[in-house]
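**Q** predicted coordinates and the sequence they were generated for:
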Amino acid sequence: MKSSEKSILGEAARLLRPFWPIAAFATGMGTASGLATAWLLATINKALYTDGDVAAALLWTFAGLVALTLFGEITSDLGNSWIGQRVIASLRKDLVARIICAPIDRIEQYRVHRLVTSLTADVDTVSAFTFQFSSIAIAFAVTAGCIAYLLFLSPALFLIVAAAIVVGVAVNKIARQRGMRGFDEARRAQDDLQKYYRAIAEGAKELRINRDRRRRVHDAQIGTTIDRIRDVKIVAMRVFMTANAFDSAIFFIVVGLIIGLQGWFGIERTVVSGFVLVLLYVRGPINQVVGAYGSFANAQVSFSRVAQLSSEFANPEPHLLIAAPSSPPVAVETIALKGVTYAFPAAPGAEPFVLGPIDLTVKGGEILFIVGENGSGKTTLIKLLLGLYAPRDGAVLLNGQPVVAETRDAYRQLFSAIFFDYFLFDDLVMATGTSPAEIQSYLERLEIAHKVTIADDTFSTTDLSTGQRKRLALVQVYLEGRPIIVFDEWAAEQDPTFRRLFYEELLPDLKRQGHTLIVISHDDRYFGAADRVLRMEGGRILQDEAVVRRTTVGGEA
């Protein structure tokens, strides 16, 4: 068995393990329903050749088998549907938990569009298959029961049926292998399609002003990808349908041989009619089982992707989803990086970017500016300071104590951050005791009270300019009340007046309130607002110097 198939089976077994008693009962009832159906066909065949009136016992047998068939089918349907929906819900929760708890660098490497496709398309495909599973299981049981009855009726005639089954299975195995390749190719193309979907939503403005790019995205990228998915799925389904038609042809050939050669075999007419009756009936369940190959292959491809995602995020950070009581923040005296290094995987044809070794101490209550050219390592450095990345070598120290895996999440709770590529949540998470008047004062100070109100701890709108959205993010930071605040190019989208307000008023105010401020900035005109300026180049600290403020008569300049 291939390792991928083992991982799929292992993942399926893990998801089904909590429900195995109900699954066993539902499967047993489905099997009983299928066997009862085969017995019912035998009873009908017997009744057709009974001389005179049908005996009461036969009628009661008929009624009992009908009841067992219906009850088993309903029970199996309900049980498997119940299990299927809980397995899907469990799968969704499990994937979300794995993503939330995964190391940030793993999420960044996996890419957002692949995550979204697995969480939506793949899980939906598996979910759709679970709806069909119960009816497929019953059809399989009916088929098995009918085959057993055919063997009981006539072993000689059954040899013909068995030969047809062997040929049909062989053909369908070949078809399944070819079809799986098509579905797998289509699934890989869906990752690309998701990426292009994000591009037309997030890059709508750029597409409006560049006709050539717009046509390339529409025709060469999205159009071609959609056509490729369509074509490979059509070919895959054509393979399955051809195999199904071949199975039907074999079926009718078998029926014709039985009818045409009944005299040669010297078999009673009751046996022949029973054989034909059962074959005509079982054709439906057989077609259902065989026809399920397409949806099963599709579900198998999707489930393999889900299993792959689970495997990629199989080493979560500890304790991230455990409810922990709120505790007063630790007084921050120093945060230190001692010999810290971090390396990104190398892109094809390029050298890997390595940060460090870094030795740095951030003092509580200071304003530290981190500056440098693009790609110098500024953002990577603050992700290490924030505990978002675990250092490859060296250590992060809080007040002289190492930050380790078990304490890293508690350490992160000391920080609020607005990243350059920040995500603005529309709901608020606030420190205990925050008053509506305090919230309103922040909105007014940031000059957005005329556009945004807060009700039920939610912003009334986030549909604002980029600069105003960053001000809303700053409102969230104010309300969190964390001792350390990180700004990654926060002022880049602000107008000159508000940029000056940020550097000359907001930062000093936050410092007076006792916050430690770490600011990534390219605004060299305002470097004087810092206590220290740290200059990065090529993943190393090039310069670390204190800012000397000149004073004038009457106070600080």
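**A** Everything's here; your move.

**Q** which strand residues bridge residue 487?
**A** Counting by DSSP bridges, residue 487 is bridged to residue 418, residue 519.

**Q** and it, how many neighbours?
**A** Using other CB atoms under 10 Å, residue 487 is surrounded by 27 other residues. Where you see a C-beta, it was placed from the backbone N, CA and C, and this is true even at glycine.

**Q** repeat for the one 10 residues further on
**A** As a burial measure, residue 497 scores 9 neighbours (other CB under 10 Å).

**Q** what's the answer for residue 307, then?
**A** Neighbour count for residue 307, taken as other CB under 10 Å: 21.

**Q** can you spell out which helices and strands pack onto the helix or strand hosting it?
**A** Take DSSP states H and E as the rule and residue 307 turns out to sit in helix 269-312. Here helix 269-312 touches helix 3-16, helix 20-48, helix 56-101, helix 104-110, helix 112-117, helix 123-153, helix 155-202, helix 224-260, going by 3 or more CB pairs under 8 Å, 6 or more residues apart in numbering; DSSP states H and E.

**Q** and the ones you listed, which one is worst for confidence?
**A** Here the lowest mean pLDDT among those goes to helix 3-16, at a mean of 57.

**Q** now the helix holding residue 307 against helix 224-260, angle please.
**A** 160 degrees (axes from the mean of the first three to the mean of the last three CA atoms, to 10 degrees).

**Q** helix or strand right after helix 269-312?
**A** strand 334-343.

**Q** if we can go back for a sec, any idea how far the helix holding residue 307 is from the middle of the chain?
**A** 28 Å (CA atoms, centre = their mean, to the nearest Å).

**Q** let me see the mean pLDDT of that helix.
**A** Taken as a whole, helix 269-312 carries a mean pLDDT of 73.

**Q** so where's the stretch 401-550 of the chain shaky on pLDDT?
**A** Filtered on pLDDT under 70, the stretch 401-550 of the chain yields the residue ranges 548-550.

**Q** which residues in it form strands?
**A** Secondary structure of the stretch 401-550 of the chain by DSSP state E, counting those that start in this stretch: the strands cover 401-402, 415-418, 454-455, 458-459, 484-488, 516-520, 532-537, 540-546.

**Q** and those: which comes nearest residue 225?
**A** Among the strands of the stretch 401-550 of the chain, strand 484-488 comes nearest to residue 225, with 33.9 Å by CB to CB.

**Q** any idea how far that closest one is from the chain center?
**A** Offset of strand 484-488 from its chain centre (CA atoms, centre = their mean): 30 Å.

**Q** now residue 400. Its backbone dihedrals?
**A** Per-residue torsions, residue 400: phi 90, psi -10 (degrees, to the nearest 10).

**Q** then the one 3 residues further on?
**A** Summarising the backbone geometry of residue 403 under the convention degrees, to the nearest 10, its torsions are phi -90, psi 120.

**Q** that one and residue 387 touch, don't they?
**A** Yes: Residue 403 is within contact range of residue 387, at 6.2 Å (criterion: CB atoms under 8 Å).

**Q** tell me, what's touching those two both at once?
**A** Applying CB atoms under 8 Å, 6 or more residues apart in numbering, one finds that residue 403 and residue 387 are jointly contacted by 396, 411.

**Q** and these two? Which one has more around it.
**A** Neighbours per residue, other CB under 10 Å: of residue 403 and residue 387, the larger number sits with residue 387, 23 against 20.

**Q** list the residues that contact that one.
**A** Going by CB under 8 Å, 6+ apart, the list of residues near residue 387 reads 396, 403, 408, 409, 411, 412, 415.

**Q** need the three-state assignment for it.
**A** Three-state assignment for residue 387 (DSSP: H, G, I helix; E, B strand; the rest coil): coil.

**Q** from residue 343, how far out is it?
**A** Residue 387 is 18 Å from residue 343, where distance means CB to CB, to the nearest Å.

**Q** can you check residue 317 too?
**A** Counting by CB to CB, the gap from residue 317 to residue 343 is 19 Å.

**Q** ok, residue 125 next?
**A** Shown here: residue 125 relative to residue 343, a distance of 37 Å by CB to CB.

**Q** please say which of these two ends up with more neighbours.
**A** residue 125 (20 against 14).

**Q** not counting sequence-adjacent ones, nearest residue to that one?
**A** Spatial nearest neighbour of residue 125, excluding adjacent residues (CB to CB, 6 or more residues apart in numbering): residue 302 at 4.0 Å.

**Q** surely the one you found touches residue 119?
**A** No: counting by CB under 8 Å, residue 302 does not reach residue 119; the two are 11.3 Å apart.

**Q** between these two, who's got more neighbours?
**A** Using other CB under 10 Å as the criterion, residue 302 and residue 119 rank with residue 302 on top: 24 against 17.

**Q** now that one: how far from residue 151?
**A** Applying CB to CB, the value for residue 302 to residue 151 is 37 Å.

**Q** check residue 145 too.
**A** Using CB to CB, residue 145 is found at 11 Å from residue 151.

**Q** ok, these two, which is more surrounded?
**A** Neighbour totals were compared for residue 145 and residue 151, and residue 145 leads with 25 against 14 (other CB under 10 Å).

**Q** residues contacting the residue nearest to that one when sequence neighbours are not counted?
**A** Distances taken as CB to CB, 6+ apart place residue 38 nearest to residue 145, at 3.1 Å, with adjacent residues excluded. Shown in contact with residue 38 (CB under 8 Å, 6+ apart): 142, 145, 146, 148, 149, 278.

**Q** the second one: what's it in contact with?
**A** Under the criterion of CB under 8 Å, 6+ apart, the neighbours of residue 145 are 34, 35, 36, 37, 38, 39.

**Q** could you rerun that using 6 Å?
**A** 34, 35, 38 (CB atoms under 6 Å, 6 or more residues apart in numbering).

**Q** does the first one touch residue 141 like I think?
**A** Yes: contact between residue 34 and residue 141 holds when scored by CB atoms under 6 Å: they sit 2.5 Å apart.

**Q** what is the nearest of the contacts of residue 145 to residue 92?
**A** Relative to residue 92, the closest of those is residue 34; by CB to CB it sits at 31.5 Å.

**Q** any idea how far residue 489 is from residue 370?
**A** 10 Å.

**Q** looking at those two, which one has more neighbours?
**A** Just comparing residue 370 and residue 489: by other CB under 10 Å the higher neighbour count belongs to residue 370, 27 against 18.

**Q** and the helix or strand that contains that one, average pLDDT?
**A** In this assignment (DSSP H and E), residue 370 forms part of strand 367-372. The average pLDDT within strand 367-372 is 94.

**Q** residue numbering should commence at 3 henceforth.
**A** That works, and once the first residue is 3, the last one we named lands at strand 369-374.

**Q** gap between that strand and the chain center?
**A** Distance of strand 369-374 from the chain centroid (CA atoms, centre = their mean) equals 37 Å.

**Q** do the same with stretch 253-261
**A** On the basis of CA atoms, centre = their mean, stretch 253-261 sits 49 Å off its chain's mean C-alpha point.

**Q** which residues touch it?
**A** Stretch 253-261 has contacts (CB under 6 Å, 6+ apart) with 159, 162, 163, 166, 277, 281, 285.

**Q** and which of the residues you listed is nearest to residue 88?
**A** Nearest member of the contacts of stretch 253-261 to residue 88, counting by CB to CB, is residue 285, at 33.8 Å.

**Q** quick check: closest non-adjacent residue to that closest one.
**A** Spatial nearest neighbour of residue 285, excluding adjacent residues (CB to CB, 6+ apart): residue 253 at 5.7 Å.

**Q** okay, the one you found and residue 43: tell me how far apart.
**A** Using CB to CB, one gets 16 Å for the distance from residue 253 to residue 43.

**Q** for the residue nearest to residue 517 when sequence neighbours are not counted, give me its contacts.
**A** Distances taken as CB to CB, 6+ apart put residue 487 closest to residue 517, at 5.4 Å, once the chain neighbours are dropped. Applying CB under 6 Å, 6+ apart to residue 487 gives the contacts 418, 479, 517, 519.

**Q** great, nothing more from me.
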